[in-house]
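Asks: next comes the sequence, and after it the predicted model I'd like to discuss.
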Amino acid sequence: MDLAGYRVYRRLKGSTSWTRLTTTTALSHTDTPPATGQTYYYEVRAVDLAGNESSGTADQPVTTPDRTAPAAPTELYAKVGPGYVSLAWDAPDNTLPTYRVYRATAPEGPFTRIADSVDSSWYYDRSADNTKRLYYRVTAVDAAGNESAPSATEDTGEPDTTPPAQVTGVTVEGTTAGNAVRWQASSSEDTFYYEVWAAPEGGSDADGPETVFGLSFNDFRAEAGVPLTYRIQAVDRYGNLAPVSAPVTATRPAPGDSAAPTGLAGTPNDSATELTWDYASDAAPYGYRVYRRTTSTAAWTRLGENATTANRYTDTEAPGISADYYVVALDAQGRESAPSEIIKVWRDTPATPTAPAPPTIELSAPYAECTANDCAPHGGTSVPLTVTLKHDRLLAGYTYRFTGAANSGYLGTDQSTITWKPPAPGLYVFEVRAVDVYGRTGPFTSITFKVG
């Protein structure tokens, strides 16, 4: 018998490449693969004195224990908010299931774990004491429980103890939809939001303040006929409160005699949002008023100086976002009815009074626009032309055509580039106009070029 020994091979699961680990005359071999939790396959082949190998034994799978820690998270970021610190970081591996968050009051610690099993790459520390400078680290934990080294330490900076400036310019107006409160922005750049306090005469705000991130608020809970006094406070990211604003008082009026309008509907077009509602015989002689707002808590803005006696309104200043609308009917005394149903109208662009200007046109090389002194041919029937169109307005697209040695007819596109293969040599004119989101078209512009 010419048996010389045995060769032991290993491959990673999913791989077809074998690695020879050893050649031995013994009947066993000890291997220590990486402890990564991966599966390896082993086989043994006999080898004779001439170096010929037999076929391998049946593959034997072995799964190693996972003792390899993942990489540490990177780009840890900490930002203070009122009553919390928001943390975010970059994940080292999208398959990692969880993270641990640690906090300290000194750069070198000791660090205390404040969160475990965080399954996203962000965290809000709502137990933070924002009167102190805080330090954070984050670790990644894999499915086997291996914890990475900590991320680089990130801190919140020196605490801010200076309150924002007092809010000024507070006004309030009572409407049948609620009391509309408005104010000027605090002059402090670090203002984060505002608290709106409302209280009856001689009383306090039993429910606490409303949190508002804008510069107005509609108090739809105000009771009709009951005077309410409003005060505003600015709040910064550290929770510092500005001095209370000067008080203002308003009373929500009871609805007048006319019934609330019905059937309110809104349709956007490029120049306006068109509002219509059902005709009401009891309100028609006295008119209607239309109100609009762009956020769910903002004060309503009355549109137009005067009431309209038509059962329609054209909002030529409609914003390029969603807007809520309602309509009221007036009675003989000029009192407003209860509000109609509130509707929401979505727009992709703000209403604009003019059609879009022509786009600028660029021709790809080797093609060039003809001038008064040069109209040499370029390219050819085998050289495609790419036309690039540029515009500063959000559009639905363009209408265009090529005319000359062969005419393309008018075509439409929602792309800013057009690729065209010249059908024949000769002089061509490319015409194009912009089309607004809701279909309004602008004037044509053109460019002349010659194909070789």
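Replies: Nice, thanks for sending it over.
Asks: C-alpha from now on. contacts and neighbour counts both.
Replies: Will do.
Asks: hang on, residue 383 packs against residue 423?
Replies: No. The criterion here is Cα atoms under 8 Å, and residue 383 misses it with residue 423 at 10.3 Å.
Asks: any figure for the gap between the spatially most central residue of the chain and residue 351?
Replies: By Cα atoms, centre = their mean, the chain has its centre lying nearest to residue 321, at 13.5 Å. Taking Cα to Cα, to the nearest Å as the measure, residue 321 falls 10 Å from residue 351.
Asks: CA-only coordinates of the lowest-mean-pLDDT helix or strand in the chain in CSV, if you can.
Replies: Of all helical and strand segments in the chain, the minimum by mean pLDDT, DSSP states H and E falls on strand 60-63, at a mean of 88. The C-alpha coordinates for strand 60-63 follow below in CSV (Å, rounded to 0.1, in the frame of the first residue of the first chain):
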residue,chain,number,x,y,z
GLN,A,60,-18.7,17.9,8.1
PRO,A,61,-20.2,21.3,9.2
VAL,A,62,-19.0,23.1,12.3
THR,A,63,-20.5,26.4,13.6
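Asks: give the next helix or strand downstream of it.
Replies: strand 74-81 (DSSP states H and E).
Asks: pLDDT (mean, whole number) over that following strand?
Replies: On average, the pLDDT along strand 74-81 is 95.
Asks: could you report the neighbour count for residue 44?
Replies: 22 (other Cα atoms under 10 Å).
Asks: tell me the domain boundaries of this structure?
Replies: Following automatic domain parsing, the chain resolves into domains at 3-63, 74-155, 171-251, 265-345, 360-451.
Asks: phi, psi of the nearest residue to residue 357 once chain neighbours are set aside?
Replies: Nearest residue to residue 357 in three dimensions, chain neighbours excluded: residue 442, at 5.8 Å (Cα to Cα, 6 or more residues apart in numbering). Note on residue 442: backbone dihedrals following degrees, to the nearest 10 are phi -100, psi -180.
Asks: isn't residue 442 right up against residue 432?
Replies: No. Applying Cα under 8 Å, one finds residue 442 not in contact with residue 432, separated by 9.4 Å.
Asks: neighbour-wise, which of the two wins?
Replies: residue 432 (25 against 19).
Asks: dig out what the more buried one forms beta bridges with.
Replies: residue 400, residue 445 (DSSP bridges).
Asks: residue contacts, it?
Replies: Contact analysis of residue 432 by Cα atoms under 8 Å, 6 or more residues apart in numbering lists 358-359, 398-401, 444-446.
Asks: same thing but 10 Å
Replies: 358-361, 389, 398-402, 410-412, 442-447 (Cα atoms under 10 Å, 6 or more residues apart in numbering).
Asks: show the buried residues in these.
Replies: 358-359, 361, 389, 398-402, 442, 444-447 (16 or more other Cα atoms under 10 Å).
Asks: and these, which is closest to residue 198?
Replies: residue 442 (50.5 Å; Cα to Cα).
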